[in-house]
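1. Kindly generate the corresponding structure for this input.
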Amino acid sequence: MFRNGKVVLLLLLAVVLVGCNQKVEGLTDEGFVAAREAFEANAKKTNEAAGDIHFYKPTTMEVDKQSTSQTIVLTKRNDSFYLTVNPNEKKNSRVYYDLLMTDEPENLVGAQTFAKDEVFGFVAVIQKSEKLVELIASVGGVKVETVTDEKNIDSHLGKMMQIARSVQQDEK
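-> Numbers count the residues shown, from 1 in each chain. This is a model prediction of the structure:
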């Protein structure tokens, strides 16, 4: 009898773990769809500037006062989004994607690439802990990252791609 209880407990635990993983994967798939739509749409019109970087800032986000010319910090409730721009990379650059894939994080839930009109982009979801994920949206030398609750995957990835896709820099 005790042995059957162990088997039932192990099966129950396996079902719970698989169910949780499917939840994250489902949210990731929805987030990838939102990111693809944002990537393929025309870039949002810029409505914010930090130094010589102009970008679209969703109305639900605020620019943090601690932003620098290298990293712009956007906040939405308890989440911080880090917008990094490498001025040496063009819109078709794969540098951030190649770095991510070279490191191949063992907790990579998924990644998807996009290409349109000589522009390269990607999104990635990395499991950080039981409920937290790192989200990355990138277009060329522009990258937007955050660590957030996994329930935000589908809502955040589309907005992050809109921001990354919109970035324009003044030529020096």
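2. neighbouring contacts of the helix or strand harbouring Leu74?
-> Following DSSP states H and E, one finds Leu74 within strand 71-76. Here strand 71-76 makes contact (C-beta atoms under 8 Å, 6 or more residues apart in numbering) with 50, 53, 55, 57-58, 60-64, 66-67, 80-85, 163. Backbone N, C-alpha and C define where each C-beta goes, glycine included.
3. List only buried entries from these.
-> 50, 53, 55, 57-58, 61, 63, 67, 80-83, 85, 163 (16 or more other C-beta atoms under 10 Å).
4. Where helices are concerned, which of these count?
-> Mapping the buried ones among the contacts of strand 71-76 onto helices (DSSP state H) picks out Ile163.
5. so which of the buried ones among the contacts of strand 71-76 comes closest to Phe122?
-> Lowest distance from Phe122 to these (C-beta to C-beta) belongs to Ile163, with 14.4 Å.
6. residue contacts, the nearest residue to the closest one once chain neighbours are set aside?
-> Nearest in space to Ile163, with sequence neighbours left out and distances taken as C-beta to C-beta, 6 or more residues apart in numbering, is Val144 at 5.2 Å. Listed by C-beta under 8 Å, 6+ apart, the contact set of Val144 reads Phe81, Tyr82, Leu83, Thr84, Ile136, Ala137, Ser138, Met160, Met161, Ile163, Ala164.
7. Try it again at 6 Å.
-> Neighbouring residues of Val144 by C-beta atoms under 6 Å, 6 or more residues apart in numbering: Phe81, Leu83, Ala137, Met160, Ile163, Ala164.
8. Good, we can wrap up now.
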